[in-house]
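*Asks:* what follows is a predicted structure for the sequence shown.
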Amino acid sequence: MAFAPESFVRTVLGDIPAGRLGVCYAHEHVIIDGSFATCATPDFLIDDVECAVTELRQFYADGGRAMVDSMPCDSGRNVLKLATVSRRSGVHLVCPTGLHLAKYYDPGHWGNFYTEDQLAALFVADITEGVDAHDYNGPLVERTSHRAGVIKFASDRAFSGREEKIFAAAAQAHRRTGCPILTHTEQGELALAQIERLRSHGVDLRHVCLSHTDRKPDLGLHRELLASGVRVEYDSAFRWKPGQGNPTRDLVVALLPEFPDQIMLGMDAARRGYWRSYGGGPGLSFLLNDFSALLRAAGLSQALLDRIFVSTPASTFAFSPP
Ligand SMILES: [Zn+2]
């Protein structure tokens, strides 16, 4: 796929031409520092730079070149660690701004109380100036030279007032900067409602990726989602239990020929138990090795696999003109 020469992806180490992103996972957790979320669930703590470098060097050796990190403001994000891991592993990393679900923050968190405009200003500054070294977790803000390249936010099983406000703030930041969007859907719920809201806020759906939608492996629903022009990310390939088959594979095989430029994959390996370098499995190379083999065995060509891993991430996570 050819890209306009000015089309770029904003990585933690700087802007790169979209065409040079390479094999990319669309929803990862490279670093999760100690935070409210990791206190509640210690397995979420993925804070070790050495482990990340080891795992990402293996990912690189297996052909991987880029990952979109998905821990937004004050939920364990650490932009300085992401920059170090990127430099040492050679893997391009995109750092998010935005806010996660309410359950990942203490009840007194600023995300619950700041206005739409105040939130948008914080997101825009992360994107245009540099991510705060303290991750917006205190009154002091020290901007680093590492800028955010995606806006990550979420809805739960029903839209709360907080989520409506964050959707509006994120859309505003997208319109002002052209920064692409990555959303969390809770077990694939409310994907159509997310699309409706983003469209009504004037967001370019070609630069929106909805995550975890394969948790609801309903072909009719997926066709409706994809017909909107939005992009989706599937990350349950290694999560299905014995006896469930692999609905993620089945979705890809059924939908990719129809919607070749809208489907991406990720591990969303937000637990240390999923990482080889922390002593767990299946490890972050799973999609490049085991799952790609499964897709090939199901008849998908290398050209189609390249759409999933290379050209769709490049076009989705490229900045659009503000
Ligand atoms: Zn995630």
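*Replies:* Yes, it's here.
*Asks:* residues touching the closest residue to the ion within the stretch 1-150 of the chain, list them.
*Replies:* For the stretch 1-150 of the chain and the ion, the shortest gap (C-beta to the ion) falls at residue 70, measuring 4.6 Å. The C-beta positions use only the backbone N, C-alpha and C, and glycine is treated the same way. For residue 70, the contact set (C-beta atoms under 8 Å, 6 or more residues apart in numbering) comprises 27, 28, 29, 96, 150, 152, 182, 184, 211, 268.
*Asks:* now the two most distant members of those residues.
*Replies:* Farthest-apart pair in the contacts of residue 70 is 150 and 268; separation 14.4 Å (C-beta to C-beta).
*Asks:* could you check which of those two is surrounded by more residues?
*Replies:* For residue 150 versus residue 268, neighbours defined as other C-beta atoms under 10 Å are more numerous around residue 150 (28 against 22).
*Asks:* spell out which parts of the stretch 201-322 of the chain neighbour the ion.
*Replies:* Neighbours of the ion within the stretch 201-322 of the chain, by C-beta under 5 Å from the ion: residue 268.
*Asks:* show me the strands in the stretch 201-322 of the chain, by range?
*Replies:* Per DSSP state E, counting those that start in this stretch, the stretch 201-322 of the chain carries strands over the ranges 208-211, 231-234, 263-265.
*Asks:* mind checking how far residue 285 is from the ion?
*Replies:* 18 Å (C-beta to the ion, to the nearest Å).
*Asks:* going forward, count from 26.
*Replies:* With 26 as the first residue, the last one maps to residue 310.
*Asks:* how much space separates that residue from residue 342?
*Replies:* For residue 310, the distance to residue 342 (C-beta to C-beta, to the nearest Å) stands at 21 Å.
*Asks:* residue 277 too?
*Replies:* From residue 277 over to residue 342 the distance is 19 Å, taken as C-beta to C-beta.
*Asks:* now swap in residue 128 and tell me
*Replies:* 26 Å.
*Asks:* which one of the two is surrounded by more residues?
*Replies:* The neighbour count for residue 128 versus residue 342, taken as other C-beta under 10 Å, is higher for residue 342 (28 against 10).
*Asks:* OK, contacts around the more buried one?
*Replies:* Per C-beta under 8 Å, 6+ apart, neighbours of residue 342: 34, 43, 46, 49, 51, 93, 119, 174, 175, 205, 232, 234.
*Asks:* so where's the stretch 26-175 of the chain uncertain?
*Replies:* For the stretch 26-175 of the chain, the stretches flagged by pLDDT under 70 are 26-30.
*Asks:* how about the residues of it by the ion?
*Replies:* residue 95.
*Asks:* mind listing the helices for the stretch 26-175 of the chain?
*Replies:* All helices of the stretch 26-175 of the chain, identified by DSSP state H, counting those that start in this stretch, fall at 61-65, 74-86, 104-114, 141-153.
*Asks:* now swap in the stretch 176-325 of the chain and tell me
*Replies:* Secondary structure of the stretch 176-325 of the chain (DSSP H, counting those that start in this stretch): helices at 186-202, 216-225, 244-252, 272-280, 317-322.
*Asks:* quick check: which of those is buried the most?
*Replies:* Greatest average neighbour count among these goes to helix 186-202 (a mean of 21), per mean count of other C-beta atoms under 10 Å.
*Asks:* who touches that one?
*Replies:* Helix 186-202 has contacts (C-beta under 8 Å, 6+ apart) with 122-124, 127, 136-137, 140-142, 144-145, 148-149, 152-153, 176, 178-181, 184, 204-206, 219, 222-223, 226-229, 232, 344, 347.
*Asks:* surely residue 251 is in contact with residue 286?
*Replies:* No: counting by C-beta atoms under 8 Å, residue 251 stays clear of residue 286, with 9.8 Å between them.
*Asks:* from what I see, residue 173 and residue 156 are in contact.
*Replies:* Yes: between residue 173 and residue 156 there is a contact at 5.5 Å, judged by C-beta under 8 Å.
*Asks:* okay, the strands of the stretch 226-347 of the chain in CSV with mean neighbour count next?
*Replies:* Shown next, in CSV, are these (neighbours: other C-beta atoms under 10 Å):
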stretch, mean neighbour count
strand 233-236, 26
strand 256-259, 28
strand 288-290, 25
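*Asks:* can you add distance to residue 112 and mean pLDDT and give the ones you listed back as JSON lines?
*Replies:* Conversion of the strands of the stretch 226-347 of the chain to JSON lines gives the following (distance: least, C-beta to C-beta, whole Å; pLDDT from 0 to 100):
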{"stretch": "strand 233-236", "distance to residue 112": "25", "mean pLDDT": "98"}
{"stretch": "strand 256-259", "distance to residue 112": "26", "mean pLDDT": "98"}
{"stretch": "strand 288-290", "distance to residue 112": "25", "mean pLDDT": "98"}
